[in-house]
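Asks: One predicted model, sequence on top.
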Amino acid sequence: MQITFRMECPACKWGNKIKSSHINQGLLKIECSHCGKPFYFKITVTGINIEVFQEKPKSSPCKTLSKK
């Protein structure tokens with residue numbers, strides 16, 4: 001699974017794409033792809049649990065998602 005984040009440059013407000021590999025890596029420095037000025041960011045994600053099953057586990061409630 002790949003997640004792309006958009007970090008807004010504090011100087012020019014341009015949205016810079018940040019890869020999911022930067023999650024939980026602490027404070028990171030990047031240069032804006034638009035104005036070239038450096039800025040710092042930190043992405044901290046906790047408590048995400050994703051499980052995938054081929055068949056429905058017994059006694060587990062299940063909702064069907066629409067294909068929109």
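Replies: That came through fine.
Asks: rest of the way, CA atoms for contacts and neighbours
Replies: Fine.
Asks: Would you state the strands of the chain in chain order?
Replies: Remark: strands of the chain, listed N- to C-terminal, are 4-8, 15-19, 28-31, 38-41; assignment by DSSP state E.
Asks: so which of those gets nearest Leu65?
Replies: Leu65 lies closest to strand 4-8 among the strands of the chain, at 22.9 Å (C-alpha to C-alpha).
Asks: Which strands border the closest one, and is each parallel or antiparallel?
Replies: Strand 4-8 sits in its sheet next to strand 15-19 (antiparallel), going by DSSP bridges.
Asks: hang on, the earlier thing: which one of the strands of the chain lies nearest to Glu51?
Replies: Among the strands of the chain, the nearest to Glu51 by C-alpha to C-alpha is strand 4-8 (20.2 Å).
Asks: Format the CA atom coordinates belonging to the closest one as PDB.
Replies: Included here for strand 4-8 are C-alpha records, laid out as PDB according to Å, rounded to 0.1, in the frame of the first residue of the first chain:
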ATOM      1  CA  THR A   4       1.000  10.000  -0.900                       C
ATOM      2  CA  PHE A   5       0.900  13.100   1.200                       C
ATOM      3  CA  ARG A   6       0.800  16.700   0.100                       C
ATOM      4  CA  MET A   7       2.800  19.100   2.300                       C
ATOM      5  CA  GLU A   8       2.100  22.800   1.800                       C
END
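Asks: can you list contacts of it?
Replies: Judged by C-alpha atoms under 8 Å, 6 or more residues apart in numbering, the contacts made with strand 4-8 from elsewhere in the structure are Trp14, Gly15, Asn16, Lys17, Ile18, Lys19, Ser20, Phe41.
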